[in-house]
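Asker: everything below, folded, please.
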Amino acid sequence: MTNANELEKEASDRLKDARAQKAQFDTDLREGYFFTAPQRSRDVSSKSSSKTRPTDAPELQISIGIEVAQDFTTELLNAFSPETSGWIDQRAGIDISEDDERENIEEDVGKQTKIILDAIKASSYYPAAAQAYMPDIALGTAALMIEDKRSYQPISCQAVPLRELEINIGPDGQIDDRFIVRKTKARNIPALLGGLKLPEETRRKIKDTPNHTSTIEWGWWRLWDRDEDVYWQAVVLVDKTLVHHAVLKGAGSCPLLVFRFNPDPMFAFGNGPTLLCLPELRRLDETEALKIENADFQIHPPFVFADDGVMNFSNGIEPGMGYPARPWGQGRPIEKLSFEGNVNFAEFETMRVESRIRRLHFVDQPEQVGKTPPTAEQWADERNRAKRRIGTPGKMFFKEGPTEVFLRFKWLLEKRGTIEPVTVDGRTIALVPYDPTEQAQEYQEVQVAAQVLQMNQQYFAQTGEVQVDGLATMKNIKGKLRDTIVVFRDQAGMQGAMDMLAPLLGGGGMPPDPSAAGGMPV
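Answerer: A predicted model of the protein is given here:
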């Protein structure tokens, strides 16, 4: 039987180690917030109870950090989990070795995948993901809490801010220990813990001091000594006292999902594009400040005027100020005093740095080079090249983020009884989600196929049509493009359509299917 005191101590030790991980990223995260969310509190430590907004936001000279963080969030959502399309598929793993068995379960797998994606769309996933990503995923790390609070309502998704999140890597280099640390009024504890049976001492404390600020700690970590399946130890502590613990079983059983972009295997937090381009953001901010200062001098130039004293600029000059100087001649007692900088160079530097920042955030759109606009095909190639760029550093993001979201919804829906596991001969089949950014490569395959078909028709004009199985080829292209709208008729449906069109075409019906008689398909 699990010892509560041992679990309390283990949770405390793991949380301490997780906080040590965040301490190494504290400075970068604070600076990243300055450029991407200047009005947000920059205290990212879960120990802090301060909710004071920063006062240095007016010092920021540029807004491009805010813009690219929003664009990067949009790009990730559209690239890896677009709301309007099926962004993930499942394939049978090594459990299925025969092609015919894979074909037999393909329909069941497709139905299950559609139900899960419909449940994700009906839930609060998309608004919660947008809130969690902005701007945290641009800094490299974001988190979502996904729970089935009420079986008669859609599954609930809630963004977890970096301030409340504490994580650490496990023995496999992936995120293992994960905690949510939230400070709240004691009166809110029953609502936040979702009906858990609390110890008498905790209930009495809530009743006697409802305005007391309490700390709730939710924690999860893998149980590596149980390797027959995925097991998680879950704990809930209120003011360091263990009030609940449980063991969760199965892929998708952990409700706290951590999304990382471009992670370092040595550290828990990701290195998002905003962290990578902090030098450029600093330089751009300083350059913009210098441009504003130069504009101030242009609009309110300082001046000198004749005086018997001695001119001294050791303390610098200010726009609009007058400085005494020795008389220097007749008729011009006042002179403009200005040390103008190279404004053109500053503008060029700004454009260059902004371009670099957008590229690092994968939001540099295809640009028209020269006077001739690009063709639609060239534009599509540029877009697919951009998808391939984000796909490489985004592979871990997809594995830890959208894939785990899909598995979490799958686990919850199986628990509800909405879906059943896919089986073959009584065996439950392991289904493996795969990365939708593969579509960029598949689109390239479709383009190659189009070139082959064009060359076949060009080189073999007389026999080209009978050399290619048109229907099978189009079905392959449809599958590569992930199309779910176009529907091809079967042989009987095509025969009926041809019979209807025969009077208009001035001929008979559709030729019989040669494959039905053992002939070669055309």
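Asker: residue 211 in helix, strand or coil?
Answerer: coil (DSSP: H, G, I helix; E, B strand; the rest coil).
Asker: residues contacting it?
Answerer: Residue 211 makes contact with 185-187, according to Cβ atoms under 8 Å, 6 or more residues apart in numbering. For every residue, glycine as well, the C-beta is placed using N, CA and C.
Asker: apply 7 Å and report the result again.
Answerer: Residue 211 is in contact with residue 185, counting by Cβ atoms under 7 Å, 6 or more residues apart in numbering.
Asker: ok, now how distant is it from residue 186?
Answerer: Counting by Cβ to Cβ, to the nearest Å, the gap from residue 211 to residue 186 is 7 Å.
Asker: one more: residue 85?
Answerer: 46 Å.
Asker: which one of the two is surrounded by more residues?
Answerer: Neighbours around residue 85 and residue 186, counted as other Cβ atoms under 10 Å, are more numerous at residue 186. The numbers are 19 against 13.
Asker: in the stretch 1-150 of the chain, mark out all the strands, start to finish.
Answerer: Assigned by DSSP state E, counting those that start in this stretch, the stretch 1-150 of the chain shows strands spanning 89-92, 141-147.
Asker: apologies, that question was intended for the stretch 151-300 of the chain.
Answerer: Listed in chain order, the strands of the stretch 151-300 of the chain (DSSP E, counting those that start in this stretch) span 156-160, 165-169, 175-185, 213-222, 231-238, 241-249, 256-260.
Asker: so of those strands, which one's packed in deepest?
Answerer: The highest average neighbour count among the strands of the stretch 151-300 of the chain, using mean count of other Cβ atoms under 10 Å, belongs to strand 256-260 at a mean of 24.
Asker: sheet-wise, list the partners of that strand with their directions.
Answerer: Partners of strand 256-260 in the sheet, by DSSP bridges, are strand 141-147 (antiparallel).
Asker: quick check: angle from the strand it pairs with to strand 175-185?
Answerer: Using axes from the mean of the first three to the mean of the last three Cα atoms, to 10 degrees, one finds that strand 141-147 and strand 175-185 are set 70 degrees apart in direction.
Asker: export strand 141-147 as PDB, just CAs?
Answerer: Extracted in PDB, the C-alpha atoms of strand 141-147 (Å, rounded to 0.1, in the frame of the first residue of the first chain):
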ATOM      1  CA  THR A 141       7.100  25.700 -24.000                       C
ATOM      2  CA  ALA A 142       3.300  25.600 -23.500                       C
ATOM      3  CA  ALA A 143       0.900  23.400 -21.600                       C
ATOM      4  CA  LEU A 144      -2.800  22.200 -21.700                       C
ATOM      5  CA  MET A 145      -4.900  20.500 -19.100                       C
ATOM      6  CA  ILE A 146      -7.500  18.200 -20.700                       C
ATOM      7  CA  GLU A 147     -10.200  16.700 -18.400                       C
END
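Asker: identify the residues contacting it?
Answerer: 128-129, 132-133, 136, 155-160, 162, 165, 180, 255-260, 269-270, 405, 408.
Asker: which one of the strands of the stretch 1-150 of the chain lies nearest to residue 275?
Answerer: strand 141-147 (9.9 Å; Cβ to Cβ).
Asker: in stretch 19-33, what's buried?
Answerer: 19, 21-22, 25, 28-29, 31-33 (16 or more other Cβ atoms under 10 Å).
Asker: I'd like the residues you listed written out as a markdown table, with distance to residue 119 added.
Answerer: Formatted as a markdown table, the buried residues of stretch 19-33 follow (distance: Cβ to Cβ, whole Å):
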| residue | distance to residue 119 |
| --- | --- |
| 19 | 35 |
| 21 | 33 |
| 22 | 33 |
| 25 | 34 |
| 28 | 37 |
| 29 | 33 |
| 31 | 39 |
| 32 | 33 |
| 33 | 33 |
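Asker: now flag whichever of these is closest to residue 195.
Answerer: Distances from residue 195 to those, taken by Cβ to Cβ, are shortest for residue 19, at 29.2 Å.
Asker: contacting residues around the closest one?
Answerer: Applying Cβ under 7 Å, 6+ apart, the residues contacting residue 19 are 46, 166.
Asker: report pLDDT for it.
Answerer: Residue 19 carries a pLDDT value of 95.
Asker: do you know how far residue 284 is from residue 220?
Answerer: In terms of Cβ to Cβ, residue 284 sits 40 Å off from residue 220.
Asker: kindly apply the preceding question to residue 472 instead.
Answerer: For residue 472, the distance to residue 220 - Cβ to Cβ - is 48 Å.
Asker: circling back: tell me the one among the buried residues of stretch 19-33 nearest to residue 198.
Answerer: residue 19 (25.6 Å).
Asker: domain assignment for the chain?
Answerer: Using automatic domain parsing, the domain parsing of the chain gives 4-277+392-414, 437-516.
Asker: rank these by pLDDT, which is bottom?
Answerer: Mean pLDDT is lowest for domain 437-516 among the domains of the chain, at a mean of 73.
Asker: endpoints of stretch 413-421, how far apart?
Answerer: Start and end residues of stretch 413-421 are separated by 10 Å (Cα to Cα, to the nearest Å).
Asker: show me what counts as buried in it.
Answerer: Residues of stretch 413-421 classed as buried by neighbour count (16+ other Cβ under 10 Å): 413-414, 419.
Asker: for stretch 446-461, same thing?
Answerer: Residues of stretch 446-461 classed as buried: none (neighbour count, 16+ other Cβ under 10 Å).
Asker: stretch 117-131 too?
Answerer: So for stretch 117-131, counting by 16+ other Cβ under 10 Å, buried means 117, 119-120, 123-125, 128-129, 131.
Asker: adding distance to residue 495, write the residues you listed out as JSON lines.
Answerer: JSON lines is the format used below for the buried residues of stretch 117-131 (distance: Cβ to Cβ, whole Å):
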{"residue": "117", "distance to residue 495": "35"}
{"residue": "119", "distance to residue 495": "39"}
{"residue": "120", "distance to residue 495": "40"}
{"residue": "123", "distance to residue 495": "44"}
{"residue": "124", "distance to residue 495": "48"}
{"residue": "125", "distance to residue 495": "45"}
{"residue": "128", "distance to residue 495": "50"}
{"residue": "129", "distance to residue 495": "48"}
{"residue": "131", "distance to residue 495": "54"}
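Asker: of these, just say which sits nearest to residue 501.
Answerer: Checking those against residue 501 by Cβ to Cβ gives residue 117 as the nearest, at 37.1 Å.
Asker: what about the helices in the stretch 401-522 of the chain?
Answerer: Along the stretch 401-522 of the chain, the stretches classed as helices by DSSP state H, counting those that start in this stretch are 402-416, 438-459, 464-467, 470-480, 491-505.
Asker: again with the stretch 51-200 of the chain
Answerer: 64-80, 99-122, 125-133, 136-139, 189-192, 200-208.
Asker: who touches the fourth one?
Answerer: Applying Cβ under 7 Å, 6+ apart, the external contacts of helix 136-139 come out as 29, 32, 36, 69, 72-73, 76, 142, 162, 259, 261, 272-275, 361.
Asker: neighbours of residue 212, how many?
Answerer: 13.
Asker: against residue 137, how distant is it?
Answerer: 35 Å.
Asker: try residue 56
Answerer: 24 Å.
Asker: then residue 430?
Answerer: Distance from residue 430 to residue 137, by Cβ to Cβ: 29 Å.
Asker: of these two, who's got more company?
Answerer: Each of residue 430 and residue 137 has its neighbours counted (other Cβ under 10 Å); residue 137 has more, 26 against 15.
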